[in-house]
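Novice: no sequence for this one, just the structure:
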């Protein structure tokens with residue numbers, strides 16, 4: 001089979017016109033509220049882990065019992081982090097409600113179908129290869145508000161798989177929720193299993209956040225931030 005030639009994209013520049021519509025008001029508001037709640041989840045999550053950096057599998061587990069694995073961290077004095085749990089609970093519900101509003105709005109306005117759902121052509125080997133080369137060569141898209149196939153699949157995976165699983169495993173650790181819906185915890189094999197899975201899911205989300213920030217910087221930090229604040233992105237023209 002012959003090698004598929006990669007055709008470099010033409011150079012582009014930003015014009016001085018005000019810009020094109022990129023993000024709706026609802027998307028911008030939910031984005032920043034979710035960013036704030038995610039920060040609260042990260043800070044409180046670290047405090048909770050420092051209070052007990054040991055993870056177990058099954059229904060029970062605690063100080064003095066065999067653990068599945070331990071993090072090489074110094075346990076905080078004073079036992080469980082009360083403020084960490086309170087902040088984690090508050091930030092979690094902020095994230096859930098904001099995320100739910102974003103998802104419902106995205107479905108109703110067909111935001112996901114128009115901006116994130118890849119077509120059959122996007123799922124071809126050539127499209128994947130071009131996307132990988134764009135990332136490796138730090139190329140910016142010709143269309144400012146476009147996403148390549150890797151970005152689209154990544155966003156869809158995070159929105160419709162990682163976040164829901166993180167929420168469900170979080171609920172599985174709540175005695176109030178599990179007393180009403182015990183199936184929430186039994187499907188994971190116990191409270192401690194849910195906590196361990198929740199930890200790894202949170203790690204994946206944090207890794208996605210780091211990659212997301214890196215891609216924003218590489219794609220043009222000022223223009224991307226302006227678009228998420230004002231809703232408009234500068235119009236970029238191809239050089240003749």
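Specialist: Looks like it arrived, so ask away. Keep in mind that this is a model prediction, so the values were computed, not measured.
Novice: Let me know the pLDDT of residue 221.
Specialist: Looking at residue 221, its pLDDT reads 82.
Novice: does residue 58 sit in a helix, a strand or a coil?
Specialist: Three-state call for residue 58 (DSSP: H, G, I helix; E, B strand; the rest coil): coil.
Novice: contacting residues for it?
Specialist: Going by C-beta atoms under 8 Å, 6 or more residues apart in numbering, residue 58 touches 189, 190, 192, 193. Quick note: C-beta positions are derived from backbone N, CA and C, even for glycine.
Novice: so how far is residue 48 from it?
Specialist: Per C-beta to C-beta, to the nearest Å, residue 58 is found 20 Å from residue 48.
Novice: all strands of this protein, in order?
Specialist: When secondary structure is read from DSSP state E, the chain shows strands at 12-14, 20-21, 54-55, 69-70, 232-233, 236-238.
Novice: who does the longest helix belonging to the chain touch, helix- and strand-wise?
Specialist: Identified as the longest helix of the chain according to DSSP state H is helix 191-230. Counting contacts by 3 or more C-beta pairs under 8 Å, 6 or more residues apart in numbering; DSSP states H and E, helix 191-230 packs against helix 25-51, strand 54-55, helix 149-157, helix 163-172, strand 232-233.
Novice: again, 7 Å this time
Specialist: Packing contacts for helix 191-230, counted by 3 or more C-beta pairs under 7 Å, 6 or more residues apart in numbering; DSSP states H and E, involve helix 25-51, strand 54-55, helix 163-172.
Novice: returning to what we had before: need the max-distance pair from the contacts of residue 58.
Specialist: The span of the contacts of residue 58, defined through C-beta to C-beta, is set by 189 and 192 at 8.5 Å.
Novice: Looking at these two, which is more packed in?
Specialist: Higher neighbour count among residue 189 and residue 192: residue 192, with 23 against 15, using other C-beta atoms under 10 Å.
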